[in-house]
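Trainee: Let's see this in three dimensions:
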Amino acid sequence: MKSFLLLSALFGALVSTALAQTEVEGFVGLYDPGKITQADFKNGAAFGFRVGQSFMSILGTEFGYTAATGLKDRLGTFDDTIHMLNANFLVQLPAAGFVPFATLGFGGIVGQRDTTFKIRSAWTWNAGGGLKIRNIAGPAGLRFDVRYYNIPDGIELLTLPPNLNKQNFNILELSGGLLLTF
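Mentor: The predicted model follows:
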């Protein structure tokens, strides 16, 4: 019985790998950090990568890194780069090389600068969607994403009393990049 269970687990792992596609994407984009009560942030550039696995065509997972550079407020009192790491689940609808998808995930954000504001290291969640265009030239294709990131209590305002100093921080990201599918 023990051998049967081990053989079944090995068979399941090999079959799921044979039915899966690995994807790697490098991307660039724009982000809009929105407004909070005490500041109005400027839009900026984002770049990063995502590595994912698609299972049975319609389900997938991915892990990603995004750097949002030059996060600045309009008064010039804050300037920082934030780093986001995410794990996401995808639902995909492939059709002839075009793959629209929806994604939902969680992760973390790091990026601190002690001036008037401080980006707190915090947990985040994100949701979004996009379009993959696979295998335009061999394994190379394109991918376009729209992501909404929510960072609960992600901004700490250092000039306010402690009971009023934390606010939610939301980021909208638009990105596109080179997609490699194996």
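Trainee: from here on, contacts and neighbour counts on C-alpha atoms
Mentor: Noted.
Trainee: In contact with residue 57, which residues?
Mentor: 20, 92-94 (CA atoms under 8 Å, 6 or more residues apart in numbering).
Trainee: Am I right that it sits in a strand?
Mentor: No - Residue 57: not assigned to a strand; according to DSSP: H, G, I helix; E, B strand; the rest coil it is coil.
Trainee: Quick one: distance of the lengthiest strand in the chain to the chain centre.
Mentor: Using DSSP state E, we find that the single longest strand of the chain is strand 140-157. Centroid displacement of strand 140-157 relative to its chain, using CA atoms, centre = their mean, to the nearest Å, is 6 Å.
Trainee: cool, and stretch 50-63?
Mentor: 13 Å.
Trainee: can you pull the buried residues of it?
Mentor: 50-55, 57, 60-63 (16 or more other CA atoms under 10 Å).
Trainee: returning to that earlier point: quick check: mean pLDDT of the longest strand of the chain?
Mentor: Strand 140-157 shows a mean pLDDT of 87.
Trainee: so what strands line up beside it?
Mentor: Taking DSSP bridges as the criterion, strand 140-157 sits next to strand 117-119 (antiparallel), strand 122-137 (antiparallel), strand 166-181 (antiparallel) in its sheet.
Trainee: List just the one of the ones you listed that sits closest to residue 28.
Mentor: Closest to residue 28 of these, according to CA to CA: strand 166-181, at 5.5 Å.
Trainee: contacts for the closest one?
Mentor: Contacts for strand 166-181 (CA under 8 Å, 6+ apart): 21-34, 36, 46, 132, 134-135, 139-157.
Trainee: what sits opposite residue 45 in the beta ladder?
Mentor: If you apply DSSP bridges, the partners that residue 45 bridges to are residue 30, residue 69.
Trainee: got it, and residue 131?
Mentor: residue 100, residue 144.
Trainee: List the contacts of it.
Mentor: Residue 131 touches 98-101, 143-145, counting by CA under 8 Å, 6+ apart.
Trainee: Residue 134 now?
Mentor: Applying CA under 8 Å, 6+ apart, we find residue 134 in contact with 97-99, 140-142, 179-181.
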